[in-house]
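Undergrad: Next input, structure requested:
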Amino acid sequence: SHDRYDYRNFYSQSDYNRIHNYLMHKRTKIISTIGPSSKSPTLIKKLYDKGMNVVRINMSHTSIADMKKIVSDVKAINKKITSSIGVMIDTQGPEIRTANFGKDIELTKGDEVLLVSKSLKKKNQIIIDNLSHIRGLKTGGKISLDNGLIDLKIISISKQYIKCLVLDSGKISEKKHVNFPGAKIKLPTLTDKDKADLNEALKVGFDFIALSFCRSAKDLKELNSFLSKNKCQPTIFAKVEDQEGVKNIREITKNSDGLMIARGDLGIETDMTNLPYVQRNMVKIASELGKKSIVATQLLESMINKPHPTRAEVSDVTNAVYEGADALMLSGETSIGKHPVKCVQYLRDISLNAERSETLHFESNLKHESDWHTLAATSVKLAKKIKADAIVVLTRSGFTAELISSARPRVPVFAFTNNRVTQNKLSISSSIENVFLNFNKDHEKTIKNAFDVLKSAYKFKNKNKLIVISGVFSDIFADAIQIRFLK
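TA: Numbers count the residues shown, from 1 in each chain. Model (predicted):
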């Protein structure tokens, strides 16, 4: 039999090489945004082959027709692969952007500009959509244009306009993001456009929703009420993007299935130098409450144009893995970038290297709300104690597998399910290999069939030591927790 996993803080190089070649098991999941650079079925399959687990469709930039085509292509690919790809729909949310005003506006440091909701026919005006919905602006406050490229300082506020001092020179074009740090946007989180987009997406079926600009538990309750009558019940991630969301983070986490740490707007709405602390705190709260976390935005930003990441980007990704995030998300890198496949490959290799070290163990504060939580945590400790090669879970709803994932095992967790919806939803969960398997009335036969998949698809060998947990016949009692050897 081969060497066992090394459970010291770091794997040795030889041990790492063995895992790398033997299983290629990556605990941290990868989400790729699909766009012009990656929307062909061939490219989606290539991204999967390099380590992508979930495709994200950003409805701020994707048409209904393109969204349906991507979902259909993923479904076709899923018929041919062992661990299926999940689909995430990301809502546009209540965005404040510059209006359609034709040619670019040149701004020079020291100039004064007027932000207006409709044209006052003044030379130095910038028309902003939805400007009348902003509350709580103060003289001396900051406004950021185009994701923080140009900052403005508020000089005075009147009914007709906001007079600002330009702090950074640059060009501003139409349909660019405008941020008002600390202010409140009096627009619904789930807009009419979002509802129309989701209604179309629900018809074709998908697995995850990222709710943009989630500011309170009320936003999540509204989304749940909107989804309640639908057969398709996606897993809900709250995208926290402003100070109000950060302030309500515990309530938001409790009322969602997980958090997406959207560092673009968050880095503008909060102080950028405080962003790593905000990220770490959000991952920690999610782990303690047994919820998922996704770290997103600018992970490999330089690779939109360049073939290799910066050292700082590699360290940033590694840090997210150390924190124990379930998933890492690529945005422009795979949607409009020049090297989408290479980006996923880098993310996979950085993750595999980072996973040689312990995480920060935020999951150690996970509250055990039921015997199932204790069983999951115990199975992870048992795997470590007996140096098991993997945990095998038989599950219909995915509940048991999710709990084991929350306990952050160092070994692969093979979740076998006879439900395609469950299989796809497990695609985003840390440590899980999500596999479809028809269950047999004879329980032993089902386990044997699962073991056959481990040998054929995952290169397992006889005598591999496994922990087998079955939650098939009941969601209240564990049918069995066993130590078995593959044969």
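Undergrad: Which strand residues bridge the closest residue to Asn224 other than its chain neighbours?
TA: Sequence neighbours aside, Ile236 is the residue nearest to Asn224 in space, at 7.4 Å (criterion: CB to CB, 6 or more residues apart in numbering). In this view, the C-beta of every residue, glycine as well, is placed from N, C-alpha and C. Here Ile236 sits in beta bridges with Ile209, going by DSSP bridges.
Undergrad: hey, where'd the strands end up in the stretch 301-450 of the chain?
TA: Here the stretch 301-450 of the chain has its strands, by DSSP state E, counting those that start in this stretch, at 327-330, 390-394, 413-417, 432-436.
Undergrad: List the buried residues of the last one.
TA: Which is strand 432-436. Neighbour counts using 16 or more other CB atoms under 10 Å place Ile432, Glu433, Asn434, Val435, Phe436 of strand 432-436 among the buried residues.
Undergrad: got the CA positions of that strand in CSV?
TA: C-alpha atoms of strand 432-436 as CSV (Å, rounded to 0.1, in the frame of the first residue of the first chain):
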residue,chain,number,x,y,z
ILE,A,432,-16.4,17.2,-1.9
GLU,A,433,-16.2,15.1,-5.1
ASN,A,434,-19.9,15.0,-6.2
VAL,A,435,-20.7,11.8,-8.0
PHE,A,436,-24.0,10.4,-9.3
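Undergrad: Now do the contacts for the nearest residue to Thr310 once chain neighbours are set aside.
TA: Spatial nearest neighbour of Thr310, chain neighbours left out: Ser302 (5.2 Å); criterion: CB to CB, 6+ apart. Counting by CB atoms under 8 Å, 6 or more residues apart in numbering, Ser302 touches Pro309, Thr310, Glu313.
Undergrad: Whichever of those end up buried, select them in ChimeraX.
TA: Filtering the contacts of Ser302 down to the buried ones (16+ other CB under 10 Å) takes a single ChimeraX command:
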select :309,313
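Undergrad: Name the nearest of the contacts of Ser302 relative to Lys221.
TA: Closest approach between the contacts of Ser302 and Lys221, by CB to CB: Glu313, at 37.0 Å.
Undergrad: if I look at the closest one, how far off is Glu269?
TA: 22 Å (CB to CB, to the nearest Å).
Undergrad: Packing partners of the one helix or strand Leu115 maps to?
TA: Counting by DSSP states H and E, the element that carries Leu115 is strand 112-116. For strand 112-116, the elements it packs on are strand 125-127, strand 150-157, strand 162-166, judged by 3 or more CB pairs under 8 Å, 6 or more residues apart in numbering; DSSP states H and E.
Undergrad: Any chance of the buried residues of strand 432-436 in CSV with pLDDT as columns?
TA: CSV is the format used below for these (pLDDT from 0 to 100):
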residue, pLDDT
Ile432, 97
Glu433, 97
Asn434, 98
Val435, 98
Phe436, 98
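Undergrad: on that earlier part again, and the pLDDT for the residue nearest to Thr310?
TA: At Ser302, the pLDDT value in this model is 97.
Undergrad: for Lys121, same thing?
TA: pLDDT, read off for Lys121, is 87.
Undergrad: now do Asp194
TA: So, for Asp194, pLDDT stands at 97.
Undergrad: Checking my notes, it in a helix, right?
TA: Yes: applying DSSP: H, G, I helix; E, B strand; the rest coil, one finds Asp194 inside a helix.
Undergrad: separation between it and Ala296?
TA: 18 Å.
Undergrad: So for those two, which residue has more residues nearby?
TA: A count of neighbours by other CB atoms under 10 Å puts Ala296 above the other of Asp194 and Ala296, at 26 against 23.
Undergrad: Bridge partners for the residue lying closest to that one once chain neighbours are set aside, pull those for me.
TA: Distances taken as CB to CB, 6+ apart place Met329 nearest to Ala296, at 3.8 Å, with adjacent residues excluded. Beta-bridge pairing of Met329 under DSSP bridges involves Ile31, Ala296.
Undergrad: can you count the residues close to Met329?
TA: Each residue near Met329 was counted by other CB under 10 Å, and the total is 28.
Undergrad: just to revisit the earlier point, just put the strands of the stretch 301-450 of the chain in a markdown table and tack on distance to Asp146.
TA: Output for the strands of the stretch 301-450 of the chain, formatted as a markdown table (distance: least, CB to CB, whole Å):
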| stretch | distance to Asp146 |
| --- | --- |
| strand 327-330 | 21 |
| strand 390-394 | 46 |
| strand 413-417 | 42 |
| strand 432-436 | 38 |
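Undergrad: hmm, back to that, pretty sure the residue nearest to Ala296 is touching Ser293, no?
TA: No: counting by CB atoms under 8 Å, Met329 stays clear of Ser293, with 10.8 Å between them.
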